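Trainee: Build the 3D model from these lines:
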Amino acid sequence: MSRSKNSLEIFGERIEAGTQKTFHIPIGQLYTQTNISIPVQVVNGKAPGPVLLICAAIHGDELNGVEVTRRVISAPWIKSLKGTLIAVPMVNVLGVIHRSRYLPDRRDLNRCFPGSEEGSLGGRIAHLFVQEILGKCQYAIDLHTGAIHRSNMPQIRVHLENTKAADMAHAFGLPLIIDAPIRDGSLRGAGDDLGIPIITYEAGEALRFDEPAIIAGVKGVRNVMTHLNMLPPRRNPKKETNNTFVAKSSAWVRAPADGLFRSHLKLGDRVVRGELLGIIDGPLGGSETPVKAPFGGIVIGATNLPLVNLGEALLHVGRFDDIEDVETVVDEFRQEVDMMPVELS
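Mentor: Numbers count the residues shown, from 1 in each chain. You can find the predicted model right below:
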């Protein structure tokens, strides 16, 4: 679906075809009465086309998406844009300021949608975002990372029953897709209610810039924009296998003891049921507890903190039907990303 006109109205202002505009949405003040606003960049192409939202840092400590967004809006190929790109690099700007996943009142903004004009701080921000930004879009990509001290293998999370979102997920071009139900209060849920397909990109760790995750994110956003006919196909594109595998379920392997965890694996590795994943030991040694895989799959997330307590999440394992094929494609993907240039042209 394309816009019928070559201009778009947002925040009461009209952005004409072939122009771009920066907005700063006021959301309140600090205790010092310093005004706080959400930065927004709108790029309107010369030709009509879809309206796509890319947003990041709904969790304020998840920073890879901020850099993905910056690289996308500054890429030379954005000049060929058809339609409109709305880029919001820091949705939870208060969380970014405090280097925190949460809002100052400890609420998770991604559990506050669609929000309320008279609700909590999170509810008010969510309501404003839905009314002024999400509601103006036809598609959206939500950029995330793993939580603090945890890394995620680059992956797309999507509710595959939404066929348009599923098509976007496959177009993104990653080996791994997680069929993830929509959670109450999430941005994906708000989009689903409005008929706006949203996919979530997960990669890297909170409070870090992870270059392979950023590179894969920029490439994936560009792939989706090409899929939506917002960008022309690449000239002389590199031949790709385009193999994508869907995990119908996933689960965390949890610590069977307290101590220091020494992992034997890295993201993207294959595990077999009963395989030794690592050892938990004390600071002086001599009390080793093996951590074994309760099921087979691919490691899609992992803790980076060796200090663990009983029951703590250690390794996130996705279950796939074609496990050997997944292992091969994931290994090829890791090598490809490691060799990619920093800037994609």
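Trainee: so Gly268 sits in a helix?
Mentor: No - judged by DSSP: H, G, I helix; E, B strand; the rest coil, Gly268 forms no part of a helix; its state is coil.
Trainee: Tell me how many other residues crowd it.
Mentor: One way to gauge burial is a neighbour count; for Gly268, by other C-beta atoms under 10 Å, it gives 20. In this view, the C-beta of every residue, glycine as well, is placed from N, C-alpha and C.
Trainee: just Leu276 next, same as before
Mentor: Leu276: 12 surrounding residues under other C-beta under 10 Å.
Trainee: Kindly report the same for Val272.
Mentor: 10.
Trainee: Could you double-check that Arg71 sits in contact with Ala216?
Mentor: No - under the contact definition of C-beta atoms under 8 Å, Arg71 does not touch Ala216, with a separation of 11.7 Å.
Trainee: buried sites along the host helix or strand of Asp331?
Mentor: Under DSSP states H and E, the secondary-structure element containing Asp331 is helix 323-339. If you call a residue buried by 16 or more other C-beta atoms under 10 Å, then helix 323-339 has these buried ones: 323, 326-327, 329-330, 333-334, 336-337.
Trainee: would a markdown table of the residues you listed with distance to Phe295 be doable?
Mentor: Supplementary listing: those in a markdown table, determined by distance: C-beta to C-beta, whole Å:
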| residue | distance to Phe295 |
| --- | --- |
| Ile323 | 11 |
| Val326 | 14 |
| Glu327 | 15 |
| Val329 | 20 |
| Val330 | 18 |
| Phe333 | 23 |
| Arg334 | 23 |
| Glu336 | 28 |
| Val337 | 27 |
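Trainee: which among the residues you listed gets closest to Asp210?
Mentor: Distances from those to Asp210 were compared by C-beta to C-beta; the smallest belongs to Val337, at 10.4 Å.
Trainee: Check the gap between that closest one and Gly204 for me.
Mentor: Distance check for Val337 against Gly204: by C-beta to C-beta, to the nearest Å, it reads 12 Å.
Trainee: Need the overlap of contacts for these two.
Mentor: Contact criterion C-beta atoms under 8 Å, 6 or more residues apart in numbering; residues bridging Val337 and Gly204 by contacting each: Pro154.
Trainee: Asp179: neighbour count?
Mentor: Other residues near Asp179 number 17, with proximity taken as other C-beta under 10 Å.
Trainee: Show me what it bridges to in the sheet.
Mentor: When assigned by DSSP bridges, Asp179 has beta-bridge partners Val158.
Trainee: list the contacts for it?
Mentor: Under the contact definition (C-beta under 8 Å, 6+ apart), the residues listed for Asp179 are 158-160, 246-249.
Trainee: Mind doing that once more with 10 Å?
Mentor: 157-161, 166, 169, 246-250, 318 (C-beta atoms under 10 Å, 6 or more residues apart in numbering).
Trainee: which pair in those spans the largest distance?
Mentor: Glu161 and Gly318 (18.7 Å).
Trainee: Show me which of the two is the more surrounded one.
Mentor: Counted by other C-beta under 10 Å, Glu161 and Gly318 do not tie: Gly318 has more neighbours, with 24 against 11.
Trainee: quick one: that one is in a helix?
Mentor: No - when three-state DSSP is applied, Gly318 is found to be strand, with no helix at that position.
Trainee: buried sites along the helix or strand Ile73 falls within?
Mentor: Under the assignment given by DSSP H and E, the secondary-structure element containing Ile73 is helix 64-74. Going by neighbour count (16+ other C-beta under 10 Å), the buried part of helix 64-74 is 64-73.
Trainee: as a whole number, average confidence for that helix?
Mentor: Per-residue confidence for helix 64-74 averages out to 98 on the pLDDT scale.
Trainee: list the contacts for the residue nearest to Glu275 when sequence neighbours are not counted?
Mentor: With C-beta to C-beta, 6 or more residues apart in numbering as the criterion, Glu275 has its nearest non-adjacent residue at 4.6 Å, and that residue is Ala293. For Ala293, the contacting residues are 253, 265, 271-277, 299, 315, 317, by C-beta under 10 Å, 6+ apart.
Trainee: Ok, Val40 next?
Mentor: Taking C-beta under 10 Å, 6+ apart, one finds 10-11, 21-25, 53, 55, 86-91, 129, 132-133 in contact with Val40.
Trainee: Tell me the secondary structure at Val43.
Mentor: Reduced to three states by three-state DSSP, Val43 is strand.
Trainee: What is the neighbour count of it?
Mentor: Val43 has 20 neighbouring residues, counting by other C-beta under 10 Å.
Trainee: Do I have it right that it meets Ile73?
Mentor: Yes - counting by C-beta atoms under 10 Å, a contact exists between Val43 and Ile73, whose distance comes to 6.2 Å.
Trainee: which residues are in contact with both of those two?
Mentor: What both Val43 and Ile73 touch, as defined by C-beta under 10 Å, 6+ apart, is the set 20, 81, 85, 87.
Trainee: What subset of the contacts of Val40 is buried?
Mentor: The neighbour count (16+ other C-beta under 10 Å) marks 10, 21, 23, 25, 53, 55, 86-91, 129, 132-133 as buried among the contacts of Val40.
Trainee: Now, those that are in helices?
Mentor: Secondary structure of the buried ones among the contacts of Val40 is defined by DSSP state H; positions in helices are 129, 132.
Trainee: Having no further points to raise, I will conclude here.
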